[in-house]
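**Student:** give me coordinates for this.
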Amino acid sequence: MRQLRRGLTGVVAPLAVAAVLVSGGPAAQGAEDSTDRWGGDKGGGHHDTATITSEPWGTIEDGTAVERYTLSNKGMTVRILTYGGIIQSLEVPDRRSNPVNVVLGFSDLQGYLDGNNPGPYFGALIGRYGNRIANGQFELDGTTYDLPINNDPNSLHGGFEGFDTKVWTATPIPGNRSVGLQLDYRSVDGEEGYPGNLDVQVTYTLTRDQKLEIHYTAETDAPTVVNLTNHTYWNLQGEGTSSILDHELTLPASGYTPVDSTLIPTGEIADVTDTPMDFRSATAVGERIREPFEQLLFGQGYDHNWVLDRPDDGSLQLAAQLRDPDSGRTLKMWTTEPGIQFYSGNFLDATLVGTSGQVYRQSDGLALETQHFPDSPNQPQFPSTTLRPGETYDTTTVFDLSRGRR
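**Tutor:** Numbers count the residues shown, from 1 in each chain. Just a heads-up that it's a prediction; the model follows:
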């Protein structure tokens, strides 16, 4: 089996060394107060020892059990659900070293199960195809495939029952200074209209230098299309505290893919110069969001794919930097992907109550989704999302968070 990394030109390029730092062997499971714990340093001699624990977190309608895993070290705690591979919370210290949750989500499983479709997708793994496919249809090798229309008139984020609704099989990866959680799922041939049995593996790794790495791989037994991402919503001030309009965003991208009124790319790659789409230098999210620019009217704010300025070598490159000027907290995102979708939380409408018990309103969080471009199966000039037998889909994204300083 050849192991390959998806490149930026549409050709699947040779795999570089994956930036996933994990250690340790098979998990040694124990129970304590309904919580399973895996090592780190059993002697307790290192203050930066990383830990991973699990706990029951309810069941879905068919009775399948859901677990919540907590990955923690001295500077960060992330909680991940086996339902949807969801990042349910991510805590980093504030200036006084108090942990603050900086991602949107729900306090219990029912909140995720009750989400409308298309829902907010808080923190979820998205597949088989992240973003939109025009009219829920694409052609591959002369065969036309029909997908669910869940974002009329298009198919969005894998359909009504995408990867965000599945219970993934979890395997903890213990270590002393980094810990990981491997999630596996088989998407069967025909699921939500997509061809081929697709075996997907996603590994979350919390490293000793306060990075959360996401490594995606997938293999298929028939030609298909794949575009995986994570749909975390960020608020670096703290979940449920304020809007993100004052957050300063930098996107190293001189082009973006304009959309029509249904948010499907026109096929053009447009220059961001002298438009509200130019984030090449740090700019407040809300600075130009109300300008009468047609693309902002279509999205009711930002909901677009930026084409990253990066080499075509499959390496990890900076995709975004987000900074909250009040707390000084900064998120840097690195990826092997060619694009990033910036969504400014336009459709949060005060109907959802979040983790802290606060109602989420428009722009209370933003998403930065590393990806191939929307509707690529219908846009041959875009980098290809086709995966064939004998190839391995392989991509990595890294969240790098730092606390503010006094």
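
**Student:** which residues in the protein form helices?
**Tutor:** Taking DSSP state H to define them, one finds helices in the chain at 109-113, 294-299.

**Student:** give me the number of residues near the closest residue to residue 223 other than its chain neighbours?
**Tutor:** Leaving aside its sequence neighbours, residue 223 sits nearest to residue 388 (Cβ to Cβ, 6 or more residues apart in numbering; 5.0 Å). Bear in mind the C-beta positions are built from the backbone N, C-alpha and C, glycine included. Residue 388 has 15 neighbours, counted by other Cβ atoms under 10 Å.

**Student:** again with the one 3 residues further on
**Tutor:** By the criterion of other Cβ under 10 Å, residue 391 has 20 neighbours.

**Student:** again with residue 62
**Tutor:** Residue 62 has 6 nearby residues by other Cβ under 10 Å.

**Student:** quick check: phi and psi at it.
**Tutor:** phi -90, psi 10 (degrees, to the nearest 10).

**Student:** 46 is where my numbering starts, stick with that
**Tutor:** Sounds good: first residue 46 from here, last item residue 107.

**Student:** any idea which residue sits dead centre in this structure?
**Tutor:** By Cα atoms, centre = their mean, the mean C-alpha position of the chain lies nearest to residue 275, the distance being 1.3 Å.

**Student:** against residue 315, how distant is it?
**Tutor:** Residue 275 is 26 Å from residue 315, where distance means Cβ to Cβ, to the nearest Å.

**Student:** just residue 374 next, same as before
**Tutor:** Distance from residue 374 to residue 315, by Cβ to Cβ: 32 Å.

**Student:** out of the two, which sits in the more crowded spot?
**Tutor:** residue 374 (26 against 16).

**Student:** isn't the more buried one up against residue 281?
**Tutor:** Yes: when contacts are counted by Cβ atoms under 8 Å, residue 374 is listed as touching residue 281 (4.4 Å).

**Student:** quick check: neighbours shared by those two?
**Tutor:** 147, 368 (Cβ atoms under 8 Å, 6 or more residues apart in numbering).

**Student:** does the residue nearest to the centre of the chain touch residue 166 like I think?
**Tutor:** No: using Cβ under 8 Å, residue 275 is not in contact with residue 166; the gap is 9.4 Å.

**Student:** can you count the residues close to residue 350?
**Tutor:** Residues near residue 350, counting by other Cβ under 10 Å: 29.

**Student:** again with the one 3 residues further on
**Tutor:** The number of residues packed near residue 353 is 21, by other Cβ under 10 Å.

**Student:** likewise residue 415?
**Tutor:** Neighbours of residue 415 using other Cβ under 10 Å come to 26.

**Student:** now residue 313
**Tutor:** Residue 313 has 12 nearby residues by other Cβ under 10 Å.

**Student:** which residues does residue 333 contact?
**Tutor:** 321, 341.

**Student:** what about 6 Å?
**Tutor:** The contact partners of residue 333, taken as Cβ atoms under 6 Å, 6 or more residues apart in numbering, are residue 321.

**Student:** then the one 10 residues further on?
**Tutor:** By Cβ under 6 Å, 6+ apart, the contact set of residue 343 is 304, 306.

**Student:** from residue 362, how far off is residue 326?
**Tutor:** 18 Å.

**Student:** more neighbours: which of those two?
**Tutor:** residue 362 (17 against 8).

**Student:** what is the neighbour count of the closest residue to the more buried one other than its chain neighbours?
**Tutor:** What sits nearest to residue 362 in space, not counting adjacent residues and going by Cβ to Cβ, 6+ apart, is residue 355, at 4.3 Å. Using other Cβ under 10 Å, residue 355 is surrounded by 19 other residues.

**Student:** just residue 338 next, same as before
**Tutor:** 14.

**Student:** what do you get for residue 369?
**Tutor:** 22.

**Student:** any idea of the pLDDT on it?
**Tutor:** If you check residue 369, the pLDDT there is 95.

**Student:** which ones are touching it?
**Tutor:** So residue 369 contacts 281, 282, 292 (Cβ under 6 Å, 6+ apart).

**Student:** excluding chain neighbours, what is closest to it?
**Tutor:** Per Cβ to Cβ, 6+ apart, closest to residue 369 is residue 281, 3.7 Å.

**Student:** likewise for residue 310?
**Tutor:** residue 302 (4.2 Å).

**Student:** contacts only, for the residue nearest to residue 369.
**Tutor:** 147, 369, 374.

**Student:** likewise residue 256?
**Tutor:** Counting by Cβ under 6 Å, 6+ apart, residue 256 has contacts 443, 445.

**Student:** all set now, cheers.
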